[in-house]
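Engineer: All I have is the shape, not the residue letters:
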C-alpha cells in the first residue's frame with residue numbers, strides 16, 4: 001500500500017481488505033517449516049513479511065500478493081521500501097551459524 005494511506009483509514013479496514021490476500025498466501029503451503037508448522041506470511045498493520053524456502057517459492061508468493069493487490073482498488077506494493085534477505089544455514093563442527101547475504 002502506498003506510504004501513508006493507512007493513516008487515513010482505520011486499521012480494521014485494511015485488515016478486512018488484506019484478509020483474502022493473507023489467506024491466499026497461507027493456503028499456498030509454500031513456506032518455511034518452523035516447529036512442524038508452515039509459516040509463509042507475517043503481517044502487522046500495513047507491513048507484510050513473506051517467508052519462502054527458495055527464490056522460486058518467494059516468486060510464487062509475490063505473484064499471489066500482486067494478483068490479490070490488483071483485485072483491491074488502489075492497493076500497491078512500495079518497491080522503494082521492499083527488501084529481500086537470504087539466510088544460509090551452515091554447520092561448522094557442532095556450532096550452527098546463520099549467514100546473512
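Structural biologist: Everything's here; your move. Predicted model only: the values in this text are computed from it and were never measured.
Engineer: Return the set of residues that bridge with the spatially most central residue of the chain.
Structural biologist: The residue lying closest to the centre of the chain (CA atoms, centre = their mean) is residue 50, at 2.2 Å. Residue 50 has these beta-bridge partners by DSSP bridges: residue 41.
Engineer: OK, contacts around it?
Structural biologist: The contact partners of residue 50, taken as CB atoms under 8 Å, 6 or more residues apart in numbering, are 25, 40, 41, 58, 61, 62, 65. C-beta here means a position set from N, CA and C on the backbone, and glycine is covered the same way.
Engineer: can you tell me how far it sits from residue 64?
Structural biologist: Here the criterion is CB to CB, to the nearest Å. By it, residue 50 lies 9 Å from residue 64.
Engineer: Quickly list what's touching both of those two.
Structural biologist: Common neighbours of residue 50 and residue 64, using CB under 8 Å, 6+ apart, are residue 25.
Engineer: picking up where we left off before, let's have the contacts of residue 50 in JSON lines, adding secondary structure and neighbour count.
Structural biologist: Supplementary listing: those in JSON lines, determined by DSSP: H, G, I helix; E, B strand; the rest coil; neighbours: other CB atoms under 10 Å:
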{"residue": "25", "secondary structure": "helix", "neighbour count": "23"}
{"residue": "40", "secondary structure": "coil", "neighbour count": "23"}
{"residue": "41", "secondary structure": "strand", "neighbour count": "20"}
{"residue": "58", "secondary structure": "helix", "neighbour count": "17"}
{"residue": "61", "secondary structure": "helix", "neighbour count": "21"}
{"residue": "62", "secondary structure": "helix", "neighbour count": "16"}
{"residue": "65", "secondary structure": "helix", "neighbour count": "20"}
